[in-house]
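Novice: Dropping a prediction and its sequence here:
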Amino acid sequence: MEIILAIVVASAVIFFGALISMGNERQKKAIDGLREQVVLWAVQDLKIKRERLERTVQVPDPIGWLNRILARVCGLDQKIQVTEVFDGPRALVCTYGDGNKSIILTPSSPGAIHKLMREKQSRISQFAERNPLFNLPRKLSVKEISVLNSGFLFDLELPIAWKGLTGQDAIQMDCLWVYELP
């Protein structure tokens, strides 16, 4: 009799354990679904806010805007000054500090620059003397500035600021690459 009672109790414990496990799994799925709905709502809310703000985005002081972005993302809180502007690929050479340190800003990714360098060497050789992106040292640190690390209006402000800094027509830009020269 004791063995039958032990088997019944063990069976009941296993049965209730299985029920609890199934209940936990259902709760997990419900919480995951709720989390997905909250994320979708937050993304949609940001899209609505961005659409409203997109019409009013202005960058009255492009160099001040650039200084704020570089201070926030790269830690360069010194006064940035534009020294040279290049086209094909687009690049902006700036100095900071006492004018002895330089950075290069470009909307072209490092992969795109390497691809350009590998393509037609004869065509690039005419730009190689001038554009500093083709003469960069091999192991140079590169930082990406994007919406993720500089603010949710960055991709709307960048083309406006770029045009103000360089005079070049604003093209679709969503990130900026920063090369700190030694």
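Specialist: Right, received. Where do you want to start?

Novice: ok, the residue nearest the centre of the chain - contacts?
Specialist: Residue closest to the mean C-alpha point of the chain, counted by C-alpha atoms, centre = their mean, is S146 at 3.2 Å. Listed by C-beta atoms under 8 Å, 6 or more residues apart in numbering, the contact set of S146 reads 154-155, 174-176. Just so you know, the C-beta spots here come from the backbone N, C-alpha and C atoms, and that holds for glycine as well.

Novice: which phi and psi does Q78 have?
Specialist: Torsion angles at Q78 (phi, psi; degrees, to the nearest 10) stand at phi -100, psi 160.

Novice: Skipping its backbone neighbours, what lies nearest it in space?
Specialist: The shortest distance from Q78 to any non-neighbouring residue, by C-beta to C-beta, 6 or more residues apart in numbering, is to Y96 (4.5 Å).

Novice: which residues touch P89?
Specialist: P89 sits next to 106, 108, 112-113, 116, 131, 133 when contact means C-beta under 8 Å, 6+ apart.

Novice: which helix in the chain runs the most residues?
Specialist: helix 2-54 (DSSP state H).

Novice: who's in contact with K115?
Specialist: By C-beta under 8 Å, 6+ apart, the contact set of K115 is empty.

Novice: Dump the C-alpha coordinates for the helix or strand containing it into PDB.
Specialist: For K115, the host element (DSSP states H and E) is helix 110-118. Presented in PDB, the C-alpha positions along helix 110-118 are these (Å, rounded to 0.1, in the frame of the first residue of the first chain):
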ATOM      1  CA  PRO A 110      35.800  52.300 -45.100                       C
ATOM      2  CA  GLY A 111      34.600  49.400 -47.300                       C
ATOM      3  CA  ALA A 112      33.500  51.700 -50.100                       C
ATOM      4  CA  ILE A 113      36.800  53.500 -50.000                       C
ATOM      5  CA  HIS A 114      38.800  50.200 -50.200                       C
ATOM      6  CA  LYS A 115      36.500  49.100 -53.100                       C
ATOM      7  CA  LEU A 116      37.200  52.400 -54.900                       C
ATOM      8  CA  MET A 117      40.900  51.900 -54.400                       C
ATOM      9  CA  ARG A 118      40.800  48.400 -55.800                       C
END
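
Novice: Report the mean per-residue pLDDT for that helix.
Specialist: Averaging pLDDT along helix 110-118 gives 82.
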